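*Asks:* Provided below are the primary sequence and the corresponding predicted coordinates.
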Amino acid sequence: MTATADRKSSEGSQPVPAPVPPVTVVTSYGPWRTALGQLRRNRAAMASLVVFGVILLVCLLAPFYASTIAHTDPFASNVAGTTVIAGQTVPVLAPSTTGLGLGVTPIGPTWDPTHYFLGADGQGRDVMARLLYGGRNSLLIGFFAALLCCVLAGITGVLAGYFGGIVDGVLSRLLDVVWAFPVYLLAISLSVVLLTSGVRIGPIFIGAGSLWLPVLIIGIVYIPYVARPIRGQVLALKEKEFVAAAIGVGSSDLRIMRRDVVPNVAPTVVVFLPLMTALSMLTESALSFLSVGVQPPQASWGTIINDGLNLLYTRPAVTLAPGIAIALTAVALNLFGDGIREALDPRARLRGGP
Amino acid sequence: MTLSACTSSPTSPTATGTGASGQADAAAPATFQAQHKGGDLKLLAKSAGGTLDPQVNYTLQYWQLYQTLYDGLLAFKKVNGQQSFTVVPDLAQALPEVSNGGKTYTFTLRKGIKFSNGQDVTVTDVAASFKRIFTVSSPTAGSFYNGIVGAAACLKAPITCDLSKGVVVDKGSGTVVINLVAPDPELKYKLSVPHASILPAGSPPKDAGNKPIPTTGPYMIASYDPNTALTLVRNPSFTQWSHDAQPQAYSDTVTESFGLTVEAAVTAVENGQADWVFDPPPADRLDEIGTRYASQAHVNTLTAMWYLPMNHNLAPFDNLKARQAVNWAVDRNAVVKLYGGAKLAQPVCTFLPPGFPGHVDDCQYTADSGKTWAAPDLAKAKQLVQESGTAGMAVGIVTQDDEVNKSIGEYLQSLFTQLGWKATLKPISANIQFTYIQNTKNQVQISLSQWYQDYPAASDFLNVLTSCASFTPGSDSSINISGYCDKAHDAKMQETLVTARNDEPAANVQWAAVDKQTMSDAVVAPLFTPKLIDFVSKRVGNYQFSKQFYMQVSQIWTK
Amino acid sequence: MARFALTRFGAAIFVLLSISVLVFLIFFANPGVDPAARIAGRNADQATLAQVQAEFGLDQPLPIRYALMMKHLFVDRDLTSFVNRGVLVIPQIVQAVPVTLSLVLGAAVIWMVAGVAMGTLAAAWRGRAADPVIVLVGVVGVSIPVYWLGEVVNLVTQSRLHDSVFSWVPPLGYVPLTQDPASWALHLLFPWLTLAVLYAGIYARVLRSEMMTALDEDYVRTARAKGVSERRILITHALRCSLIPIVSLFGLDFGALVGGSALLTEVVFGLPGVGRLTYTALQNLDLPVILGTVLYAAFFVVLSNAVVDLVYAALDPRVRHV
């Protein structure tokens, strides 16, 4: 909207057009920019992002912590080792000396960042260092599984919803089978199959300890969870006028999908990403029950929880720490995901203004 | 040769049954104490033990219960301590007469014993039971009972099995004569294990599965649901005929419930909600048990070993130096710690466990050149790895995925990495690991396994685990996991078996020599001899531990 | 409508068949899972091994083995376990069903009540301090691994505080409803709470977001203009419409849980339900039981999916033409 000033001069006979003031063009922000602004105003979401960022940063600093601060190798067993606490040299795995003298207990938290801050685990390794390294693996698996899931689910959902008919029928049945299939059986079977030397599909090689394994399992298993809502959305979109118009104009299917369907479906996928990351991390911890994915001596929060459950009655810190870490990360991701969803929801604008 | 001699080792046994707080368990009362009769015993186990059929089941879990249910011609004495390795007559009136150069055993059946369904136990049942060993495809049909005349044909074609020449019975005199192809001094033991139980002649010719077979012991099976519980009740037809062989039971009923996790089960026993847990307590409860519940814990040495079979037909362990390196490097004290501490396991350096017939203290892989293992020698091990030329090779360690096995595996992985190999750990489900490591198709280089004795004879360890006959490539049942096949070694063992027929002490000396040779060849890497903890509830009394079948379930009382 | 139902039914059968084939293939594609040696026993003779293989039909080619197993399962209904010989698979599952139903129904009641209450309150109090707190509580519930929570609950109620605060907590296990209703409920109390914690959070958040959408709809604005009380609006108008997606979500979750997806909860609390049966079968690699439990679980997942689809189709005719 342009504003022009048309000042009729009252002083002279010749109307002099007033200098045109600079024009300010106010256009509305695109949906992504609006969402970003909305998100920034969401205090809970921002706080969650900060928390997640801190966790991420600390985990990335794992090698630094292990080598420089704690001077420990978190992947080497230290069963027979000793350490100095309060001036005394004590064994890291201390045999019981009272009663019948049964059992061996790892040392508990020393609250000293230079060694065994959270104590030792069953192999005498530093729990804090492993926690940080484990975080890297958990976050890695969680994020890539979520990414894989969302991308594949997006493709599947769009294809199924858009084409309908046989394509939809086949894809929907495939999704049903994947959803109803027991993930634990898949996990156990795969762990046994890949024991010897891994799986080779053409140029791709997946070893038994490769992190691709849990990423693939978790990513694939949750595809139906994301694909169905997307498919539903695409079905609703198909009825809209702008799609009908595009068809009427003669656009190819690919073009319609690319320009009309996908941009409308993208926000849904974006919302799912943090939520699926949290869900993937939790599933990974359940799968580590079954020795799938992260192999010893590597760690993930799930494997540390699992190892720690064996120490629950004597050294609960070993299982509480990763449990709290997962919970905290999952909470942060969920709140952030909620924030994104609210920010991208057009109806939200009616609630509080841009 | 007498059969009643207790086979004790030339050296004094280093461990006998000692109970809680260091005091020895009270000796079994010689007679039944009627004032303690009654009550319901509640046992817990993580899961059921498989089939109920005593001639098929091969688990420690149910063999322990079969002691109260079934009887054979002979039995191990049901008492505490070293005497529990003694064989006494059970359904037979007396120990057998051995004749014909050790190839004929003559028994006379006791009269008046009935099955739990009221039927008398007759020689017909005895003959039928021996035949049944082959028709149900008992796991030990080929390894224990193949010496009976006619057994070889039975193994090939069980349906047409004819043991009439091998087991000859006479209804009139009640005699049972067993004819062997060759003398076998271990026959007395083989007749005392549950696979040789005497069952009614009409028992199903196939594995009975979950259908109970009538019993002769103080209990009979009332019900069995593998997801819930196994219930035993008093056998109405039972009257005690020999306190040593089959004593009267104290509790009126015994219920073994399945399904609780071991942590939950230990808590239940602590709370008095159950009386005993079959499974070993988890590592984090040991301290608690040893301190607050010390009076309820009983620790006993087992004749067993935890060891590392190394594949002799696959790199790197086809190289003697590599195998020796493993023996030098493993810190058995550390492994013992991971098992639960020095009070629960004893490091070993020989194939035969301490206290076992044929065992002699000797250690070829200890840093201080003593007779027992003291410390590893990591430097020497690394040197050996270099000399063997296998440094840098990939080595996969296959263990079970339960807590203790996996933690020992992690330690080994860390150790082997130090030695210079590229070691990875492969923990797999406990239910398949045992058969997995036996099959050569799976190309297992090294694994962690356990071996518990079937009966107290050195051959049960050495011959079974290291002979060529026990190595079958490509099969899930190839108990010589190392794949070690040495003709000279085999010949020596056969020679020793022959010696054992007439002169047991001399044979034991020879077994010691075989053991030493096995260790020089580093066929396996023995780790430790485990001890068993029995954790019972407060109300349990008269705990008796048989070295053969462990806690005597029928002898503990709750009143 | 009938055509739609028929096609869904056909699809369901297809899914179940595919799953059975997949389970079978995955099982036998594994090295080391051949059950013959495990069935024959430790250190079995080669002859014994061969006998067992023949008896169980394990030496037949794969398709024949599959056909035989399906025949035993569905036609003869006498499929027996590999591990517990002689024990039939179907009665095992049937016996375990009431336990899982007890667990799931009780937990469902708790989580629905809690979830709906929390979600409604959060929507009613949006903008105020209570809203993010309720959301946080819900999110934390979703973020805790359930087996970890169960073990910690056991640690506290059975062991550490068993003598003082929690002395009334009975030992772990299951007591049938018909035997003693009070004991049945007491045994299931902590399993219910543990399972409900996970789902209450999910439902609270979904309901909250749906209600907040509903509260901005035109008809609500009209009601407000007419002077209807806020509370009446909340419950009669907003809640009723928001419950539809909740109900569909409940249908899916309930279906999955009845099929045994609460297996870790059952294992930790010692409840002999379908979930634990599945878990034990997987650990034991007991193929017949695995097949039985997996098909049972898949059946319920597929059934609940179909029911929810049918309900939606009944409500919204556009969906039928998909």
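*Replies:* Alright, I've got the coordinates.
*Asks:* Give me the distance between B:Ile148 and B:Val177.
*Replies:* Taking C-beta to C-beta, to the nearest Å as the measure, B:Ile148 falls 11 Å from B:Val177. Every C-beta, even on glycine, is put in place using the N, C-alpha and C of the backbone.
*Asks:* the longest helix in the chain is where?
*Replies:* As the question left the chain open, I've gone with chain A. Under DSSP state H, the helix in chain A containing the largest number of residues is helix A:127-163.
*Asks:* Switch to chain C, please.
*Replies:* helix C:89-124.
*Asks:* okay, the angle between the next helix or strand after that helix and helix C:89-124?
*Replies:* Next along the chain after helix C:89-124, taking DSSP states H and E as the criterion, comes helix C:130-143. Taking axes from the mean of the first three to the mean of the last three C-alpha atoms, to 10 degrees, one finds helix C:130-143 and helix C:89-124 inclined to each other by 160 degrees.
*Asks:* what mean pLDDT would you report for helix C:130-143?
*Replies:* For helix C:130-143, mean pLDDT is 78.
*Asks:* which helices and strands does it pack with?
*Replies:* In terms of contacts (3 or more C-beta pairs under 8 Å, 6 or more residues apart in numbering or on different chains; DSSP states H and E), helix C:130-143 is packed against helix A:262-287, helix A:317-344, helix C:89-124, helix C:181-214.
*Asks:* hmm, 10 Å instead?
*Replies:* Helices and strands touching helix C:130-143, by 3 or more C-beta pairs under 10 Å, 6 or more residues apart in numbering or on different chains; DSSP states H and E, are helix A:43-60, helix A:262-287, helix A:317-344, helix C:89-124, helix C:181-214.
*Asks:* Can the longest helix of chain C be said to contact chain B?
*Replies:* Yes. Counting by C-beta under 10 Å from any C-beta of the partner chain, chain B is contacted by helix C:89-124 at C:91-92, C:95-96, C:99.
*Asks:* Could you find the residue in chain C that comes nearest to chain A?
*Replies:* Closest to chain A within chain C is C:Ser143: 3.3 Å, counting by C-beta to the nearest C-beta.
*Asks:* Which residue is the nearest non-sequential neighbour of that residue?
*Replies:* Distance criterion C-beta to C-beta, 6 or more residues apart in numbering or on different chains; nearest residue to C:Ser143, sequence neighbours excluded, is A:Ala330 at 3.3 Å.
*Asks:* Contact partners for the one you found?
*Replies:* Residues counted as contacts of A:Ala330 (C-beta atoms under 10 Å, 6 or more residues apart in numbering or on different chains) are A:142, A:274-275, A:277-282, C:139-140, C:142-145.
*Asks:* From the residues you listed, pick the one nearest chain B.
*Replies:* Out of the contacts of A:Ala330, the member with the shortest distance to chain B (by C-beta to the nearest C-beta) is C:Pro145, at 15.9 Å.
*Asks:* What does the pLDDT read for the closest residue to that closest one other than its chain neighbours?
*Replies:* Among residues not flanking C:Pro145 along the chain, A:Ser285 sits closest, at 5.0 Å (C-beta to C-beta, 6+ apart). For A:Ser285, the pLDDT comes out at 83.
*Asks:* Repeat that for the one 5 residues further on.
*Replies:* As summarised for this prediction, A:Leu290 has a pLDDT of 64.
*Asks:* Equivalent analysis for B:Ala222, please.
*Replies:* On pLDDT, B:Ala222 comes in at 96.
*Asks:* So it: helix, strand or coil?
*Replies:* strand (DSSP: H, G, I helix; E, B strand; the rest coil).
*Asks:* That one: neighbour count?
*Replies:* If you count neighbours by other C-beta atoms under 10 Å in any protein chain shown, B:Ala222 ends up with 14.
*Asks:* Quick check: it touching B:Glu256?
*Replies:* No. Applying C-beta atoms under 10 Å as the test, B:Ala222 and B:Glu256 come out as separate, 11.7 Å apart.
*Asks:* what's the overlap in contacts for these two?
*Replies:* When contacts are counted by C-beta under 10 Å, 6+ apart, B:Ala222 and B:Glu256 have B:230-232 as shared neighbours.
*Asks:* Considering those residues, which possesses the most neighbours?
*Replies:* Counting by other C-beta under 10 Å, top hit in the shared contacts of B:Ala222 and B:Glu256: B:Leu232 with 29 neighbours.
*Asks:* B:Gly112 should be in a helix, yeah?
*Replies:* No. According to three-state DSSP, B:Gly112 belongs to no helix; its state is coil.
*Asks:* what sits against it?
*Replies:* For B:Gly112, the contact set (C-beta under 10 Å, 6+ apart) comprises B:120-121, B:239, B:241.
*Asks:* Could you dump those into a markdown table with secondary structure added?
*Replies:* Compiled in a markdown table, those are given as follows (three-state DSSP):
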| residue | secondary structure |
| --- | --- |
| B:Asp120 | strand |
| B:Val121 | coil |
| B:Thr239 | coil |
| B:Trp241 | coil |
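*Asks:* what about the helices in chain C?
*Replies:* For chain C, applying DSSP H gives helices covering C:2-29, C:36-40, C:46-55, C:62-70, C:89-124, C:130-143, C:146-154, C:181-214, C:218-226, C:230-232, C:240-256, C:263-269, C:274-284, C:287-315.
*Asks:* Could you see whether chain A lies near the fifth one?
*Replies:* No. Helix C:89-124 is not in contact with chain A by C-beta under 10 Å from any C-beta; minimum separation 11.5 Å.
*Asks:* If you count contacts, what does that helix end up packed against?
*Replies:* Looks like helix C:89-124 contacts strand B:219-225, helix C:130-143, helix C:181-214, helix C:240-256, helix C:263-269, helix C:274-284, helix C:287-315 (3+ C-beta pairs under 10 Å, 6+ apart).
*Asks:* what do B:Ile148 and B:Val177 both touch?
*Replies:* With C-beta under 10 Å, 6+ apart, B:Ile148 and B:Val177 have common neighbours B:166-167.
*Asks:* For those two, work out which one has more neighbours and name it.
*Replies:* Between B:Ile148 and B:Val177, counted using other C-beta under 10 Å, the more crowded position is B:Ile148 (24 against 18).
*Asks:* In contact with that one, which residues?
*Replies:* B:Ile148 makes contacts with B:130, B:133-134, B:141, B:154, B:163, B:165-167, B:178-181, B:184, B:187, B:190, as judged by C-beta under 10 Å, 6+ apart.
*Asks:* average model confidence for stretch B:530-542?
*Replies:* Averaging pLDDT along stretch B:530-542 yields 94.
*Asks:* Can you give me the buried ones in it?
*Replies:* Neighbour counts over stretch B:530-542 (16 or more other C-beta atoms under 10 Å in any protein chain shown) mark B:530-537, B:540, B:542 as buried.
*Asks:* ok, those residues vs chain A, which is closest?
*Replies:* B:Ile533 (7.0 Å).
*Asks:* My guess is that closest one contacts B:Ala294. True?
*Replies:* No. B:Ile533 is beyond contact range of B:Ala294, at 11.3 Å (criterion: C-beta under 10 Å).
*Asks:* Helix, strand, or coil at B:Gly474?
*Replies:* Applying three-state DSSP: B:Gly474 is coil.
*Asks:* Is there a neighbour count for it? I'd like the number.
*Replies:* Using other C-beta under 10 Å, B:Gly474 has 8 neighbouring residues.
*Asks:* Likewise for B:Val149?
*Replies:* B:Val149: 18 neighbours (other C-beta under 10 Å).
*Asks:* where in the chain is pLDDT low?
*Replies:* Went with chain A since none was named. For chain A, the stretches with pLDDT under 70 are A:1-14, A:188-209, A:289-292, A:346-354.
*Asks:* That was the other one, I meant chain C.
*Replies:* C:29-33, C:41-43, C:315-322.
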